[in-house]
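[1] Give me the fold of what follows.
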Amino acid sequence: MSDAAKILIEQALELPALERAVMAEQLLLSLNQPDPEIDAIWAVEAESRLTAYQIGEAEAVSFSDILRK
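    Numbers count the residues shown, from 1 in each chain. Next up is the predicted model:
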């Protein structure tokens, strides 16, 4: 971790809890930026899986079965 990051963390830890929570939320949101290329890849995969299920090439598994495993 850089010295600048360490200093920011030390300063942030001195803030009131609500301000730290807002800051943490903003930092987390900055990590979750959508990637259109990845979204497109997942859309193709989802369509492929749905088609495989619809034509009987794939089976559905219940959530309770998954939890048991």
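
[2] separation between the spatially most central residue of the chain and Ala24?
    Residue closest to the mean C-alpha point of the chain, counted by CA atoms, centre = their mean, is Asn32 at 6.5 Å. Distance, Asn32 to Ala24, using CB to CB, to the nearest Å: 13 Å. Glycine gets a C-beta too; all of them are placed from N, C-alpha and C.

[3] Which residue, other than its chain neighbours, is closest to Glu59?
    Tyr53 (7.5 Å; CB to CB, 6 or more residues apart in numbering).

[4] Could you do Ala52 as well?
    Looking at Ala52 with CB to CB, 6+ apart, the closest residue is Ala58, at 4.0 Å.

[5] for this structure, what helix or strand is lowest in average pLDDT?
    Least confident helix or strand, the chain: helix 63-68 with a mean of 92, by mean pLDDT, DSSP states H and E.

[6] if you go through the protein in chain order, where are the strands?
    Counting by DSSP state E, the chain has no strands to list.

[7] and the end-to-end length of stretch 31-38?
    15 Å (CA to CA, to the nearest Å).

[8] try stretch 6-23
    OK, stretch 6-23 end separation, CA to CA: 15 Å.

[9] ok, residues contacting that stretch?
    Outside stretch 6-23, not one residue touches it by CB atoms under 8 Å, 6 or more residues apart in numbering.

[10] Please renumber the chain so that the first residue is 50 from this point on.
    Sure, I'll start numbering at 50, so the last one becomes stretch 55-72.
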